[in-house]
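Colleague: Coordinates only, no sequence provided:
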């Protein structure tokens, strides 16, 4: 099997100079207008065997580039799957054009380019093989496309077009059916007999008789002004075999329904799946083992379970599959190293992804496990605030709402790492990988020391710290993105900031009016000295015993902010952290000013 392994673009739309790795399974994500569809379009132009030719226009050239001087190019790298070299059959097809690298690995390089022809004084598009030295190596004709085809299923899927058009996918499938002569004659005979029987039953209907009479009268007067008059007849079924096949309708009966309904009578979700199914059937029917399937937004019109099921189905197919999506229901079920994030950087787009061998197997497993249990929203984020868990996530979201900071509008994800495991995420967001700006907020305990030293090992900070020295470098660490609480943990800090009563009320709302006092009375019966414990200590012990920290944090934060309406009582430390992440997010937002894009001042 062979597959498309890399796309390198120059001066193509927002992809001015970019390399995009493609695996057997690849998920392309990014904001609207980042270039996801552009990637699939250019692959479709170069590799779709149903296209007669590839065409560009000057609008496809990167803004600000003179199309007459600088060429638009896309170099598509094609490699054997699971092997360093092509098979004997592949070599027989491509041998003159195989590019052998210095390490012995073999590949094909196909260049699609849009350029100005000085002799003809016109823009031209051509697709050619090239070698590593960039020299032309012959035409990439349709016979080669048939061997490495790519089929593109767009986001705006039309079951009507694919099922009823003479050039649609269904027409191409049935058009390829070659019945033996005996079967063909039998089909025509049965069609004629069935049509005659149907017409025998309905010809007596009054409206049909009136139609016959009117047609005969008008046509006889206008066109048939001869003694030999014409004849009006009806056919319930086509008698020609090809027309008969193309007139067939695909019917679906959903579980529990009493009758089947043609696809166009079903909802948008079923029609969307039907378009995908038709394309896959077409690929199977033509035996395209090495085909690549590119599907835009598989989640279109589907509920979450169906989306995840469709992605798993596609991932289990033998062909290469490339998906674009805006849905975490897709990224939740794929491997994190299958994801390529297209990020807008002013007027261009850059591709960011997890490089090969960047993570150890254990680290990648940890990241995958997190995604399976907690989700993958961070792939889509403009910036991320890393915190220890759900308690901090819920409380900070409540405080942000009271402060008027719209986390969703700014593209901010509050990511609870599930305890102390900050390392894999810090690594993930580095410029060499996803290149996502981030801040960290953690407790003032051993975790803060570990995170600070992780930053040091990654050359983000300049010196290690210990528990005795970390407070001395708080400002420097905050400048490098690490905030740690002035007190041990979240609940203790909030209560030290004067919000003991709010936690008492939160316990009452969740556990009942006398739950805290009953707990304290029980403790005093076993230990009289417990009566002297501070209320803060009693509340902390109650929380440790009864858990439900995230619910209590949400309730306490809601009370502190008077239902997320008043920010005046939010501890200053949390205000500072949230303002910092807001500022960081705003520095990433691209705003449009006429024909140019710029980051806000």
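Modeller: It's in. Remember, it's a predicted structure, so these values are computed and weren't measured experimentally.
Colleague: So which elements touch the helix or strand where residue 557 lies?
Modeller: Taking DSSP states H and E as the definition, residue 557 sits inside helix 549-560. In terms of contacts (3 or more Cβ pairs under 8 Å, 6 or more residues apart in numbering; DSSP states H and E), helix 549-560 is packed against helix 390-403, helix 490-496, helix 500-511. Where you see a C-beta, it was placed from the backbone N, CA and C, and this is true even at glycine.
Colleague: Residue 350 in helix, strand or coil?
Modeller: strand (DSSP: H, G, I helix; E, B strand; the rest coil).
Colleague: the helices in the stretch 151-300 of the chain, which residues?
Modeller: 159-164, 169-175, 181-202, 206-222, 241-246, 268-285 (DSSP state H, counting those that start in this stretch).
Colleague: now the stretch 401-550 of the chain
Modeller: 407-410, 423-428, 446-457, 474-479, 490-496, 500-511, 515-526, 535-546, 549-560.
Colleague: right, so these: which one is the most enclosed?
Modeller: With neighbours taken as mean count of other Cβ atoms under 10 Å, the helices of the stretch 401-550 of the chain reach their highest mean count in helix 549-560, at a mean of 22.
Colleague: avg pLDDT for that helix?
Modeller: If you average the pLDDT over helix 549-560, you get 96.
Colleague: Stretch 519-532 now?
Modeller: pLDDT averaged over stretch 519-532 gives 94.
Colleague: Need the residues that contact that stretch.
Modeller: 538, 541, 542, 545, 546 (Cβ atoms under 8 Å, 6 or more residues apart in numbering).
Colleague: and which of those residues is nearest to residue 353?
Modeller: Nearest to residue 353, judged by Cβ to Cβ, of the contacts of stretch 519-532 is residue 546 at 43.3 Å.
Colleague: Excluding chain neighbours, give the residue nearest to that closest one in space.
Modeller: residue 511 (6.7 Å; Cβ to Cβ, 6 or more residues apart in numbering).
Colleague: Relative to residue 492, how far out is the one you found?
Modeller: 19 Å (Cβ to Cβ, to the nearest Å).
Colleague: got it, and residue 169?
Modeller: In terms of Cβ to Cβ, residue 169 sits 63 Å off from residue 492.
Colleague: Give me the most central residue, the protein.
Modeller: Centroid check for the chain by Cα atoms, centre = their mean gives residue 325 as the closest residue, at 2.5 Å.
Colleague: Please tell me the pLDDT value assigned to that one.
Modeller: 97.
Colleague: My guess is it contacts residue 334. True?
Modeller: No - between residue 325 and residue 334 there is no contact under Cβ atoms under 8 Å: 9.5 Å.
Colleague: which residues are common contacts for these two?
Modeller: residue 27.
Colleague: So which of the contacts of stretch 519-532 sits lowest on pLDDT?
Modeller: residue 546 (88).
Colleague: my guess is that one contacts residue 512, does it?
Modeller: No - contact status for residue 546 versus residue 512: not in contact, 11.2 Å apart, counting by Cβ under 8 Å.
Colleague: Report the secondary structure state of residue 569.
Modeller: Applying three-state DSSP: residue 569 is coil.
Colleague: Would you mind measuring from it to residue 540?
Modeller: 20 Å.
Colleague: Then residue 65?
Modeller: Residue 65 is 62 Å from residue 540, by Cβ to Cβ.
Colleague: Kindly report the same for residue 450.
Modeller: 23 Å.
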